[in-house]
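Engineer: sequence and computational prediction follow.
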Amino acid sequence: MTQTATTTHGASTRSRVHLACLVAFVGFGTVLRLLGSGHDPLNFDETFTAMAGRRHLASMLRYLRYNDSHPPLDYLLRAPFARAAASPFLMRLPSIVASVIALVVFACWMRRYGRLGVVATAAFAMSSFQITYGRDARMYAPIALVGVLAGWVTDGWLRRPALKTSVAVAGVALAALYLQAGGLALLLGLLVVPGFRRDRQAWQWRGALAVSLTLWGATWGPSFVTQVSRNKNHWIPFATPYRMLTTVNELVDDYPVVAVLVVALVLIGLLTLVWRQHPLSRVVVCTCVIPVAAVCAVGVRTHVLLPRTLAPSAWGAMVLIGAAVDLALDRGWLFGAAVATLAAVVMVPSTLHEMRSHPPGQQAAFAWIEARARDGDVVAIHPSWMAPLVDWQFGARRPGPDRHVAVPGTDAIVLGRQPWSGRVWFVGSTYWPRAVPPLVFCGPQLHTPEYDVQLLSRTTAAC
């Protein structure tokens with residue numbers, strides 16, 4: 001009786017300690033996601049989101065169909081902030097909220113798994129990947145949240161299959177499909193969850209996912225086909241073994257030099273879960289390993305393999321690191337502490353790096369123009385597909401309607417309410433051949449690593 005009471009008391013004490021650690025890590029991770037999240041101006045991808053979100057619904061859907069490779073849900077979520085020309089912090093707020101919710105859900109889910117769950121939550125809280133995209137005005141934090149929800153729902157269904165769980169996974173899958181094309185890989189993994197089971201619950205699960213895929217296909221499917229045919233994303237390299245290695249590594253840290261070590265740690269964690277027949281093993285395989293493998297396979301012939309494409313499955317790396325540390329702790333506290341320290345040494349430098357300010361390349365050029373331009377001047381950028389940068393900074397963020405003028409080969413916007421003065425602040429990317437408009441060079445000019453700025457004019461007198 002006394003031994004049983006002692007064991008129960010010890011388990012209760014460990015449970016309280018684990019809960020305290022989980023709460024602390026959630027608080028710590030929340031602070032990391034908030035600190036400095038509004039300091040830097042929006043980068044190009046974020047301004048693309050903002051300018052697309054300022055369009056009315058029909059125009060937005062048509063614009064995304066022909067000019068992007070992502071579905072519309074995230075643009076719709078941020079549209080109110082975009083139309084209000086909100087601050088960088090507010091534009092990023094949906095991502096911050098999604099990332100914090102993902103951390104909270106992950107911690108609640110991991111509480112069931114004791115020491116492994118505590119280590120996994122600590123890794124998730126300080127993950128440079130989660131922090132980077134948790135402070136980015138794009139769809140990656142929301143779909144990372146959807147990925148965590150998919151894992152949690154899958155775990156619940158494997159424990160106790162029920163119709164309500166199948167309905168929940170249908171909603172999760174539909175959200176993933178409307179957030180990012182990578183949701184298709186997640187859907188593939190979810191379809192594998194029932195395995196060869198033929199019972200009613202298994203068919204409910206498959207049927208719910210089929211309904212989600214059908215709804216997405218009927219509403220966004222034609223646009224997706226157009227996106228695939230038009231937007232080849234040639235700037236994304238094909239998947240090679242080395243690129244697969246470094247891409248998976250970036251789900252944990254930013255430094256390719258430790259990629260072999262990180263992937264080895266993740267593989268040890270995966271083998272540990274499978275060897276121990278841990279309840280999370282099937283969850284991780286279906287919702288993380290299979291989607292990642294699918295994207296890598298498609299990436300061999302298609303330009304799709306980026307770390308952020310794997311965002312729905314990024315949480316799995318944290319669980320596997322937790323499993324590896326948990327295995328080491330079973331071999332002794334000293335060995336476990338050594339493995340945990342190794343994981344921290346790998347992850348913390350990337351976390352600290354992501355916490356620093358990272359001004360986008362256009363900031364210096366635009367600040368230089370702001371200090372010298374006057375009402376009636378034009379700001380033009382080349383290549384013209386980079387228009388969202390100029391349109392957001394010099395159009396949406398200024399009072400009054402946007403006014404554009406025709407400057408060959410560029411997107412050009414007039415500052416203020418005065419008629420065009422004839423002067424053009426021409427911004428050219430250093431990464432692309434520049435076709436300078438046939439105008440008079442006035443000076444001054446600025447050279448930065450990413451952008452050059454020249455003052456041009458229609459006539460010498462206008463200089």
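Structural biologist: Perfect, thanks for sending it.
Engineer: could I get the full set of strands for the stretch 51-200 of the chain?
Structural biologist: Under the criterion DSSP state E, counting those that start in this stretch, the stretch 51-200 of the chain carries no strands.
Engineer: give the rounded mean pLDDT of the helix or strand harbouring residue 390.
Structural biologist: Assignment of secondary structure by DSSP states H and E places residue 390 within helix 387-391. For helix 387-391, the per-residue pLDDT values average out at 94.
Engineer: try stretch 237-244
Structural biologist: In this model, stretch 237-244 has an average pLDDT of 96.
Engineer: what's the answer for stretch 178-193, then?
Structural biologist: Mean pLDDT, taken over the full extent of stretch 178-193, equals 97.
Engineer: try stretch 101-112
Structural biologist: This predicted structure assigns stretch 101-112 an average pLDDT of 97.
Engineer: what's stretch 262-272 in contact with?
Structural biologist: With contacts defined as C-beta atoms under 8 Å, 6 or more residues apart in numbering, stretch 262-272 is touched by 245, 248-249, 252-253, 278, 281, 284-285, 289, 317, 319-324, 326-327, 339, 342-343, 346. Just so you know, the C-beta spots here come from the backbone N, C-alpha and C atoms, and that holds for glycine as well.
Engineer: residues of it that come out buried?
Structural biologist: 262-263, 265-266, 268-270, 272 (16 or more other C-beta atoms under 10 Å).
Engineer: with stretch 47-60 instead?
Structural biologist: For stretch 47-60, by 16+ other C-beta under 10 Å, it's 47-55, 60.
Engineer: sorry, back to before: who touches the helix holding residue 390?
Structural biologist: Under the criterion C-beta under 8 Å, 6+ apart, residues 44, 47-48, 50-52, 362, 366, 379-381, 402, 411-413, 427 lie in contact with helix 387-391.
Engineer: now, which of these sits nearest residue 163?
Structural biologist: Proximity of the contacts of helix 387-391 to residue 163 was ranked by C-beta to C-beta; the top entry is residue 52 with 37.5 Å.
Engineer: quick one, what contacts residue 47?
Structural biologist: Taking C-beta under 8 Å, 6+ apart as the criterion, residue 47 is in contact with 388-389, 391-393.
Engineer: do the same with residue 314
Structural biologist: Residue 314 sits in contact with 127, 129-130, 144, 147, 251, 307, where contact means C-beta under 8 Å, 6+ apart.
Engineer: still on that earlier bit, would you turn the contacts of residue 47 into JSON lines with distance to residue 86 and neighbour count?
Structural biologist: Listed next are those as JSON lines, based on distance: C-beta to C-beta, whole Å; neighbours: other C-beta atoms under 10 Å:
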{"residue": "388", "distance to residue 86": "15", "neighbour count": "23"}
{"residue": "389", "distance to residue 86": "17", "neighbour count": "27"}
{"residue": "391", "distance to residue 86": "15", "neighbour count": "22"}
{"residue": "392", "distance to residue 86": "11", "neighbour count": "23"}
{"residue": "393", "distance to residue 86": "14", "neighbour count": "23"}
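Engineer: out of these, which is nearest to residue 420?
Structural biologist: Proximity of the contacts of residue 47 to residue 420, judged by C-beta to C-beta, is greatest for residue 391, which lies at 16.6 Å.
Engineer: how far away is the closest one from residue 305?
Structural biologist: Between residue 391 and residue 305 the distance is 30 Å, computed by C-beta to C-beta, to the nearest Å.
Engineer: for the nearest residue to residue 377 once chain neighbours are set aside, phi and psi?
Structural biologist: Once its chain neighbours are removed from consideration, residue 377 has its nearest residue in residue 423; the separation is 4.7 Å (C-beta to C-beta, 6 or more residues apart in numbering). When read as degrees, to the nearest 10, the backbone of residue 423 gives phi -90, psi 140.
Engineer: and residue 445, that one's in a strand?
Structural biologist: Yes - per DSSP: H, G, I helix; E, B strand; the rest coil, residue 445 lies within a strand segment.
Engineer: quick check: which element contains the closest residue to it other than its chain neighbours?
Structural biologist: If you skip the residues right next to it in sequence, residue 445 has residue 454 as its closest partner in space, 4.6 Å away by C-beta to C-beta, 6+ apart. Using DSSP H and E, residue 454 falls within strand 451-457.
Engineer: that strand pairs with which strands?
Structural biologist: Applying DSSP bridges to the sheet, strand 451-457 is found paired with strand 423-429 (antiparallel), strand 440-447 (antiparallel).
Engineer: restricted to strands, list the contacts of helix 387-391.
Structural biologist: Counted as lying in strands by DSSP state E, out of the contacts of helix 387-391, are 379-381, 411-413, 427.
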